[in-house]
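Chemist: Just need the structure, nothing else, for what follows:
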Amino acid sequence: MRHLAANALTILIVLGIALAGVIAWGVNQYRAEGPLTEPTEISIPRGATLPRAAEILAEAGAISDPRIFRLGARYSEMQSRIQAGEFEIPAGSSMESVLICLVNQSTCRRVVYQITVVEGSTSWQVVEQLKAMETLTGEIDEIPPEGSLAPETYQANRG
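Modeler: Sure, this is the predicted structure:
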């Protein structure tokens, strides 16, 4: 009976060490330099779940393993804070840096598009300018009344 208990304890110790090794390897992968060799723009659509965002990032080559990315996001409790938008991910960004980028843009640049309404432009001209922008989608049903669009430079996200 003693041998059985000793063998069971030995097996548990070996399994514990193996588990610790796997966890250490995963943390190392999560924090290691990423696969991107140059900055890359990545678009995360509105309503994207953590698995979908991880899939998009993996397809773009920004992360090496979607499973480790998802585990890191869940462990750091940031999985529900990922934002939609376009991001420029720097070359060599770790999975941890990519996650921080998608949450608060402190490790990357958010891509925004500028729309400048020039003083003296008619509402029709502004609508035509918006229609010509490839980064915007949707239809404009009616032209706003003259004088209702303030001359300014506005920022917009793709779509």
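Chemist: use CA for all of it now, contacts and neighbours both
Modeler: Will do.
Chemist: Now name the helix or strand holding the most centrally placed residue in the chain.
Modeler: Relative to the mean C-alpha position of the chain, the nearest C-alpha, by CA atoms, centre = their mean, is the one of Leu102, at 3.8 Å. When elements are assigned from DSSP states H and E, Leu102 belongs to helix 95-104.
Chemist: now swap in Gly16 and tell me
Modeler: Since the elements are taken from DSSP H and E, Gly16 ends up inside helix 2-31.
Chemist: buried residues in that helix?
Modeler: For helix 2-31, the neighbour count (16 or more other CA atoms under 10 Å) marks Gly26, Val27, Gln29, Tyr30 as buried.
Chemist: Quick check, Leu130 in contact with Gly138.
Modeler: No - applying CA atoms under 8 Å, one finds Leu130 not in contact with Gly138, separated by 10.1 Å.
Chemist: These two - which one has more neighbours?
Modeler: More neighbours surround Leu130 than the other of Leu130 and Gly138, with 18 against 7 (other CA atoms under 10 Å).
Chemist: On the pLDDT front, check the more buried one for me.
Modeler: Looking at Leu130, its pLDDT reads 82.
Chemist: Need the phi and psi values for it.
Modeler: For Leu130, the backbone dihedrals are phi -70, psi -40 (criterion: degrees, to the nearest 10).
Chemist: List the contacts of it.
Modeler: Each residue near Leu130 by CA atoms under 8 Å, 6 or more residues apart in numbering is listed here: Ile115, Leu136.
Chemist: Let me see the residues that make contact with stretch 104-116.
Modeler: Where contact means CA under 8 Å, 6+ apart, the residues beyond stretch 104-116 that reach it are 41, 85-90, 97-98, 100-101, 130, 135, 151-158.
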